[in-house]
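**Student:** Here is a sequence with its predicted model. Questions after.
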Amino acid sequence: MASPSVTPIPSPRNARQRTRPQAPRTASKEALQPVPKDVAKTGATGDAMAGGTTYDPIAFAESLATAAEKSAKLIGEFAARNAGRRSAVPSDELGVGKAFMELTSKMLANPARLAEAQLGLWRDYMSLWQSSMLRMLGAPAVPVAEPAKGDKRFKDAGWQEHVLFDYVKQSYLIAARWLHTQVANVEGIPEPTRKRIDFFTRQYIDALAPSNFALTNPEVFRETVASGGQNLVRGLNNLLDDIERGNGQLKISMTDSKAFELGVNIATTPGKVVFQNELMQLIQYEPSTKKQWKRPLLVIPPWINKYYILDLREKNSFIRWAVGEGLTVFVISWVNPDARLAHKDFEDYLTDGPLAALAAIEKATGEPDANVVGYCLGGTLLAATLGWLAAKKQKRIASATFMTALIDFSAPGELEVFIDEERVGSLEKRMKERGFLEGSEMANTFNSLRANDLIWSFVINNYLLGRDPFPFDLLHWNVDSTRMPAKMHSFYLRNMYLKNLLREPGGITLTGVPIDLSKVTVPTYFVSAIEDHIAPWKTTWLGPRLLKGKSRFVLSGSGHIAGMINPPAANKYGYWTNSTDAATADAWLASAKQHEGSWWPDWRQWIDRDLGREVPARAPGKGGLQVLEDAPGSYARLRADAE
């Protein structure tokens, strides 16, 4: 996922806080707000905020006793699980060892270049030593290495104000720059191997950042001194809690999961489930206007996560906004599958997903077609649906909108590191044993793409500072992971990522129908995000060129999530448009016009021609479908980590 950019919101009652183990569990509204800057700077916590002492020996002893008890329990459970097992050599499913062995051999084959690089590293360190000595003597000194703009790891003032921490920071940055440069400049390495080496080198560099260690992080150091080490004991308890929650594996808490409840403070747009099958529930939302536009809107979210990313809060809900614009909105809520659905294929997601939803919408509204939005993987499925309908000569979709969706997978971004024949084969073996891909595995992969934001920041906050993660709605959604049926996911990885067959006429066949996107003539709207690391915009830009209908491409600011969930009232990020044709994505952006604010109004203006006339507002259950239950529905409420 892209790095989240969200605002903390108050939690329901009884939201758990671990910051003070001896304190009551009920958190006040103020306790859920970001730590004040003056507190964060001094490291004061607990009673220190009220002007009292920062060290509580009784609480300290209780925390140590609790940690010892948890440790003994976890060690016992680990021993019981592994009793009688033979020690096994760790597997290397991602081929990291092989890639770095090849890198090492290439580097050693050119000793002159290696010696020159080492000399350059030595010069940088000598410059740093000289600069640091000048600072210690009170003289001004120009930094030898500075963090990239926006690098949150070194935002604390201590990294700049204290000579020692500044030295540690610059020393790390010099080494990181040197290591990454040497790895990138080695010649004679195949491109797939180079990408894998580059990715895992960055993982290694990020893991060794001085911000991730107590003694070399000024904020953690201050906190440790001020609290007498209580932060580290609290952090140990937090670590043990996360290991216990992960059944022996570390499962980092990103947010207070008890702070949110579907239908209460997230996913609150009023609606009803009006149709369901094994794979999805169809939600129809209550109108908020007296009249609605005649042609309904169907939204197809990805099944990698829950649909309610589009309905987090009132202020940033795309669904609520669309309802307020007078649209009759239907949304697919995918099931969280288990082994019983292992046989479900990609074509089942086609027939039981958008095709079944379109048929149900016709019963509910009497309309034979709909405008359809596909988000991420939902957009890939939407493209396949358009190809299927074109082959069948069925006009069920009046317009199609693709939100950060890949159709051409020729350059899928950093996810490519995890997807090749060997890696997919290994994954298929694991999926075959269970019948599905565990949601946490996919979540870990996405988190590693932005490790500093989605892994190490929580290590610092939870384990080194000993604080609870703040209750963020987006992070709550992010950890609400879903599984994927083995057969479907294998088809998707092989035919889309490995072979890139969706772009080829007749490359894939669904329910016996060859899919040819060049036969699709419906108008399309493509919106992507300039910082998207999951669906790179320069690749999504290729999508409209595979279709024959008139298309509009819009590029939003920010990333995969924030760039899409960007309500007009926020007036953030901006977007680019370009009505002229261009030979490349870079050429398109170079001559594009930049606009302020959200792309949502631009999309609303574009889709206006396909909405039809106004009709009396449609209430769920008043048409040809009965109400089954209230939104968000039972499928969305099913959590994989709660079973």
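**Tutor:** Received the coordinates, thanks.
**Student:** which of the residues in the strand or helix carrying residue 117 are buried?
**Tutor:** Of the helices and strands defined by DSSP states H and E, residue 117 is found in helix 111-136. Residues of helix 111-136 classed as buried: 117, 121, 124-125, 127-128, 131-132, 135 (neighbour count, 16 or more other C-beta atoms under 10 Å). Just so you know, the C-beta spots here come from the backbone N, C-alpha and C atoms, and that holds for glycine as well.
**Student:** Quick check: closest non-adjacent residue to residue 404.
**Tutor:** The shortest distance from residue 404 to any non-neighbouring residue, by C-beta to C-beta, 6 or more residues apart in numbering, is to residue 535 (4.5 Å).
**Student:** cool, and residue 188?
**Tutor:** residue 106 (5.5 Å).
**Student:** Mind checking what secondary structure the one you found has?
**Tutor:** The assignment at residue 106 comes out as helix when based on DSSP: H, G, I helix; E, B strand; the rest coil.
**Student:** Neighbours of it, how many?
**Tutor:** Using other C-beta atoms under 10 Å, residue 106 has 14 other residues around it.
**Student:** how near is it to residue 545?
**Tutor:** Separation of residue 106 from residue 545 (C-beta to C-beta, to the nearest Å): 37 Å.
**Student:** Just the closest of the buried residues of helix 111-136 to residue 384, please.
**Tutor:** residue 117 (48.4 Å; C-beta to C-beta).
**Student:** Could you list the low-confidence segments of the chain?
**Tutor:** 1-65, 67-68, 70-94, 641-643 (pLDDT under 70).
**Student:** ok, now with 50
**Tutor:** Scanning the chain for pLDDT under 50 picks out the ranges 1-53, 87, 89, 643.
**Student:** still on that earlier bit, so is the residue nearest to residue 404 in a helix, a strand, or just coil?
**Tutor:** When the structure is split into helix, strand and coil by three-state DSSP, residue 535 lands in coil.
**Student:** Touching, it and residue 527? I think so.
**Tutor:** No - between residue 535 and residue 527 there is no contact, the gap being 10.8 Å when judged by C-beta atoms under 8 Å.
**Student:** Overlap in contacts, the two.
**Tutor:** Counting by C-beta atoms under 8 Å, 6 or more residues apart in numbering, the contacts common to residue 535 and residue 527 are residue 404.
**Student:** returning to what we had before: can you spell out which helices and strands pack onto the helix holding residue 117?
**Tutor:** In terms of contacts (3 or more C-beta pairs under 8 Å, 6 or more residues apart in numbering; DSSP states H and E), helix 111-136 is packed against helix 163-184.
**Student:** angle of the helix it packs on against helix 111-136?
**Tutor:** Our comparison of helix 163-184 with helix 111-136, counting by axes from the mean of the first three to the mean of the last three C-alpha atoms, to 10 degrees, yields an angle of 160 degrees.
**Student:** Give the buried residues for helix 163-184.
**Tutor:** When burial is assessed from 16+ other C-beta under 10 Å, helix 163-184 yields the following buried residues: 165-176, 178-179, 182-183.
**Student:** Now the element after it, going C-ward?
**Tutor:** Using DSSP H and E, the first helix or strand after helix 163-184 is helix 191-207.
**Student:** Buried residues in that next one, which are they?
**Tutor:** Going by neighbour count (16+ other C-beta under 10 Å), the buried part of helix 191-207 is 193-202, 205-206.
**Student:** next one: phi and psi at the nearest residue to residue 415 once chain neighbours are set aside?
**Tutor:** On the basis of C-beta to C-beta, 6+ apart, the spatially nearest residue to residue 415 that is not a chain neighbour turns out to be residue 534, at 6.8 Å. Residue 534 has phi and psi values of phi -100, psi -40 when expressed as degrees, to the nearest 10.
**Student:** And for residue 539?
**Tutor:** Torsion angles at residue 539 (phi, psi; degrees, to the nearest 10) stand at phi -90, psi -40.
**Student:** The buried residues of helix 191-207 into a markdown table, with extra columns for distance to residue 290?
**Tutor:** Shown next, in a markdown table, are the buried residues of helix 191-207 (distance: C-beta to C-beta, whole Å):
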| residue | distance to residue 290 |
| --- | --- |
| 193 | 62 |
| 194 | 60 |
| 195 | 55 |
| 196 | 57 |
| 197 | 61 |
| 198 | 57 |
| 199 | 54 |
| 200 | 57 |
| 201 | 59 |
| 202 | 54 |
| 205 | 58 |
| 206 | 54 |
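**Student:** Would you point out the most distant pair within those?
**Tutor:** Farthest apart among these - using C-beta to C-beta - are 193 and 206, which lie 20.4 Å from each other.
**Student:** so is residue 142 in a helix, a strand, or just coil?
**Tutor:** Assigned state for residue 142: coil (three-state reduction, three-state DSSP).
**Student:** so who does the nearest residue to it once chain neighbours are set aside touch?
**Tutor:** Once its chain neighbours are removed from consideration, residue 142 has its nearest residue in residue 131; the separation is 6.9 Å (C-beta to C-beta, 6+ apart). With contacts defined as C-beta under 8 Å, 6+ apart, residue 131 is in contact with 141-144, 170.
**Student:** For PyMOL, what selects the buried ones among the residues you listed?
**Tutor:** Selecting the buried subset of the contacts of residue 131 in PyMOL, with 16+ other C-beta under 10 Å as the burial test, is done by:
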select buried, resi 141+144+170
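**Student:** hang on, residue 491 packs against residue 348?
**Tutor:** No - taking C-beta under 8 Å as the definition, residue 491 is not a contact partner of residue 348, at 10.1 Å.
**Student:** Pull the contacting residues for the closest residue to residue 451 other than its chain neighbours.
**Tutor:** Spatial nearest neighbour of residue 451, chain neighbours left out: residue 206 (5.0 Å); criterion: C-beta to C-beta, 6+ apart. With contact set as C-beta under 8 Å, 6+ apart, residue 206 has these partners: 451-452, 456.
**Student:** Put together TSV for the residues you listed, with secondary structure on each row.
**Tutor:** Supplementary listing: the contacts of residue 206 in TSV, determined by three-state DSSP:
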residue	secondary structure
451	helix
452	helix
456	helix
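**Student:** Of those, which is the nearest to residue 333?
**Tutor:** Within these, proximity to residue 333 (C-beta to C-beta) peaks at residue 451, which comes in at 30.3 Å.
**Student:** For the closest one, give its distance to residue 245.
**Tutor:** On the measure of C-beta to C-beta, residue 451 and residue 245 end up 20 Å apart.
**Student:** So the two - more neighbours on which side?
**Tutor:** For residue 451 versus residue 245, the count of surrounding residues by other C-beta under 10 Å is larger for residue 451: 17 against 14.
**Student:** Please verify my assumption that the more buried one contacts residue 205.
**Tutor:** No - with contact defined as C-beta under 8 Å, residue 451 and residue 205 do not form a contacting pair (9.8 Å).
**Student:** Would you verify that residue 624 is located in a helix?
**Tutor:** No - assessed by three-state DSSP, residue 624 does not belong to a helix; its assignment is coil.
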